[in-house]
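Q: fold the following and give me the result.
(4 chains)
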Number of protein chains: 2
Amino acid sequence: MKAIRKVSTLKTRTARLSPEEIGRTFRERGLKVTPQRTAIYQTLIESPVHPTADHLYTQVKRVYPMLSLNTVYHTLGVLRNAGLTHEVNYWHDRSQFDGNINPHHHLICLGCRMIQDLTDASLDRLTVSSVRRTGFEVTGHQVEFYGYCTRCRRRNPAAKRKRKEWSV
Amino acid sequence: MKAIRKVSTLKTRTARLSPEEIGRTFRERGLKVTPQRTAIYQTLIESPVHPTADHLYTQVKRVYPMLSLNTVYHTLGVLRNAGLTHEVNYWHDRSQFDGNINPHHHLICLGCRMIQDLTDASLDRLTVSSVRRTGFEVTGHQVEFYGYCTRCRRRNPAAKRKRKEWSV
DNA sequence: TTATCTGCAAAGGCTTTGCACGACT
DNA sequence: AGTCGTGCAAAGCCTTTGCAGATAA
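A: Down below sits the predicted model:
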């Protein structure tokens, strides 16, 4: 596989939605509309940095000084369950280690959290030409495939699957 | 880009090294050779599941009942600094959220931990044919490019870079 | 011998849970 | 009115730090 030549874009600023649009989004998904929740979501989608809970807390607290960190966590959980946000590092609750130091990729089961190595020379050669223009120096890359392993599929077919809190 | 047709392999069992080979590996890198360390590393590289610290602790404790969890963490840190292991989810110390729910990929700065969105239709279409044979049902995927952002490169050129504890 | 490793204990940081009050539908 | 959200507090979990004794080079 050669370098990817298709158009790709780096997003430096995300969507800006009005509070009204956010309220509509919430109601569509059956979420109550509150000022804190609206502010947290707005801050999240406008942030270019994939903020932490504490980051959002600090930002939104400027507008709502009574805000508690707990509410931020709770709200993020609600947004996640509603499919309005993803956790970038959703396995944050524990570190996992990989003794394979050769380039490789991962198959990640969303059911049982199993991570399996995938070796594929084509994936090893992925590049994105547009990145070079941005000044970002790429030193490596890795592809993650998400899904369900055989055992989890047997135990829990797609039809009856519940969205796990850590799913993407 | 079409489905990748090159040979790819799923690793179900990892390397098996003798204690002597492990000892040599350690000495080559200036690490002391101890029974616990050898056992932890051997368990790590033989594990197909990308174990957690606790997982390794439980396993190795069967052979060395006096083993402490602290030693496992310390050893993993040493192995990581020596380049003998990577942390799969090296941002485990905090959750980060992404308000962009469209398919996209990430540029991750190992210097400042910045995560930037990368939209690229070609990357969106990646598939690995060999996965289908294994019974793993892929529901999504994502590419992570690691490296250094412009600011970190200016502040800390490649030549003087120290390996951060969270680097891959 | 000397640097470093191990194990115990305690601390630290982030996240979740429980509960009462308040707000949204 | 009823359900759900918010804020405070406390607990929980994982990981790191500090230190004394033990071990490898």
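Q: could you chop chain A up by domain?
A: Per automatic domain parsing, the structural domains of chain A span A:19-88, A:103-161.
Q: and those as JSON lines, adding distance to B:Gly99?
A: For every residue, glycine as well, the C-beta is placed using N, CA and C. Formatted as JSON lines, those follow (distance: least, Cβ to Cβ, whole Å):
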{"stretch": "domain A:19-88", "distance to B:Gly99": "3"}
{"stretch": "domain A:103-161", "distance to B:Gly99": "19"}
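Q: let's have the ones you listed in a markdown table, adding distance to DNA strand C and mean neighbour count.
A: Compiled in a markdown table, the domains of chain A are given as follows (distance: least, Cβ to the nearest atom of the strand, whole Å; neighbours: other Cβ atoms under 10 Å in any protein chain shown):
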| stretch | distance to DNA strand C | mean neighbour count |
| --- | --- | --- |
| domain A:19-88 | 4 | 17 |
| domain A:103-161 | 14 | 17 |
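Q: what's the least confident stretch among those?
A: Note on these: domain A:103-161 shows the lowest mean pLDDT, a mean of 83.
Q: wondering if that one reaches DNA strand D at all.
A: No: using Cβ under 7 Å from any atom of the strand, domain A:103-161 stays clear of DNA strand D, coming no nearer than 12.0 Å.
Q: any part of that domain near chain B?
A: Yes: judged by Cβ under 8 Å from any Cβ of the partner chain, domain A:103-161 and chain B are in contact via A:104, A:106-107, A:109-110, A:114-123, A:126, A:128, A:130-131, A:134-150, A:153, A:158.
Q: kindly report the same for stretch A:77-94.
A: Yes: with Cβ under 8 Å from any Cβ as the measure, stretch A:77-94 is seen reaching chain B through A:79-80, A:83-94.
Q: nearest to A:Asp54, of the residues you listed?
A: A:His92 (12.8 Å; Cβ to Cβ).
Q: the closest one and DNA strand C: what is the separation?
A: Distance, A:His92 to DNA strand C, using Cβ to the nearest atom of the strand, to the nearest Å: 5 Å.
Q: could you list every residue that touches the closest residue to that residue other than its chain neighbours?
A: What sits nearest to A:His92 in space, not counting adjacent residues and going by Cβ to Cβ, 6 or more residues apart in numbering or on different chains, is B:Ser95, at 4.4 Å. By Cβ atoms under 8 Å, 6 or more residues apart in numbering or on different chains, the contact list for B:Ser95 reads A:52-53, A:76, A:87-90, A:92.
Q: how far away is A:Val63 from A:Pro19?
A: 12 Å (Cβ to Cβ, to the nearest Å).
Q: please apply the same query to A:Leu107.
A: From A:Leu107 to A:Pro19 the distance is 41 Å (Cβ to Cβ).
Q: and what of A:Leu118?
A: Distance of A:Leu118 to A:Pro19, computed by Cβ to Cβ: 43 Å.
Q: over to A:Ser47?
A: Distance, A:Ser47 to A:Pro19, using Cβ to Cβ: 16 Å.
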